[in-house]
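*Asks:* Test case, fold it:
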Amino acid sequence: MSASRHSRFSCSPAPLLFLAIATLAGCGSTPASEFFVLTPRLDAADQLTAPLCRVGLQPIELPAEVNRAQMVFNVAAHQRHISEFTRWASPLEDNITRVLELNLEGSLGPSSIFRQPARLLPPLDYLLLIEILEFDSKVGGPCELRARFHLAGPSGAWLASESFQSSATGESDGPAGVAEAMSENLSRLSEAIAQSVLASHSG
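*Replies:* Residues are numbered from 1 along each chain as shown. Reported below is the predicted structural model:
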């Protein structure tokens with residue numbers, strides 16, 4: 001009776017070993033995350049020895065659906081794919097701000113851009129507000145950037161308000177190409193803003 005009971009309730013270690021191996025194999029198949037950054041244009045090094053003017057940059061506004069760690073890709077007119085393992089290396093809002101800062105300082109001179117709000121600021125010539133309306137990333141296709149920017153004097157009176165749109169395609173494949181394309185779009189946006197600032201400053 002005891003032998004029969006033992007054979008009925010004993011559990012062979014083979015199924016448990018197989019389950020453990022399968023579990024470990026499943027964990028090992030999780031893809032590693034990849035991280036990407038937006039970069040300033042290559043010729044954005046300061047060419048001036050002093051700033052032409054001083055611009056206070058307000059916090060940049062981004063669409064909520066793309067302002068996240070994961071990269072968001074446009075796969076259809078009304079569908080977006082959030083790639084869990086394809087990520088921005090830093091918060092997207094901060095990355096965009098840094099790229100615009102460096103690009104603009106390449107056109108307006110070193111130490112010409114100051115983030116606001118800040119505790120200590122030098123006297124400013126202009127206030128700049130940038131709204132990113134569309135940050136449309138496509139793998140293997142053109143990436144679209146739509147924005148509005150507003151330029152005000154130190155008193156707060158608006159001097160210029162312009163809409164901007166750009167489409168670019170990166171040279172690399174996959175998400176790296178998306179980061180390249182969006183970096184180019186931000187470079188073009190920086191040029192448009194710099195031209196507006198220079199036009200107001202010379203006028």
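
*Asks:* so what's the backbone phi/psi at G153?
*Replies:* G153 adopts backbone torsions of phi -80, psi 170, taken as degrees, to the nearest 10.

*Asks:* so what's it up against?
*Replies:* Applying Cβ atoms under 8 Å, 6 or more residues apart in numbering, we find G153 in contact with 125-127, 159. C-betas here are computed from N, CA, C, even on glycine.

*Asks:* list the helices and strands the stretch of helix or strand E144 belongs to packs on?
*Replies:* Taking DSSP states H and E as the definition, one finds E144 inside strand 143-152. Packing partners of strand 143-152 (3 or more Cβ pairs under 8 Å, 6 or more residues apart in numbering; DSSP states H and E): strand 126-136, strand 158-168, helix 174-202.

*Asks:* and those as CSV, adding mean neighbour count, mean pLDDT and distance to P117?
*Replies:* Listed next are the helices and strands packed on strand 143-152 as CSV, based on neighbours: other Cβ atoms under 10 Å; pLDDT from 0 to 100; distance: least, Cβ to Cβ, whole Å:
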stretch, mean neighbour count, mean pLDDT, distance to P117
strand 126-136, 19, 97, 11
strand 158-168, 15, 96, 19
helix 174-202, 19, 96, 20
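
*Asks:* Mind checking the ones you listed for the one nearest to R87?
*Replies:* Taking Cβ to Cβ, helix 174-202 is the member of the helices and strands packed on strand 143-152 nearest to R87, at 9.2 Å.

*Asks:* roughly how far out does that closest one sit from the chain middle?
*Replies:* Offset of helix 174-202 from its chain centre (Cα atoms, centre = their mean, to the nearest Å): 13 Å.

*Asks:* Same check on stretch 81-93?
*Replies:* Here stretch 81-93 shows a centroid-to-chain-centroid distance of 8 Å under the convention Cα atoms, centre = their mean.

*Asks:* returning to that earlier point: could you dump the contacts of G153 into JSON lines and include distance to S90?
*Replies:* Below are those laid out as JSON lines (distance: Cβ to Cβ, whole Å):
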{"residue": "D125", "distance to S90": "29"}
{"residue": "Y126", "distance to S90": "27"}
{"residue": "L127", "distance to S90": "25"}
{"residue": "L159", "distance to S90": "32"}
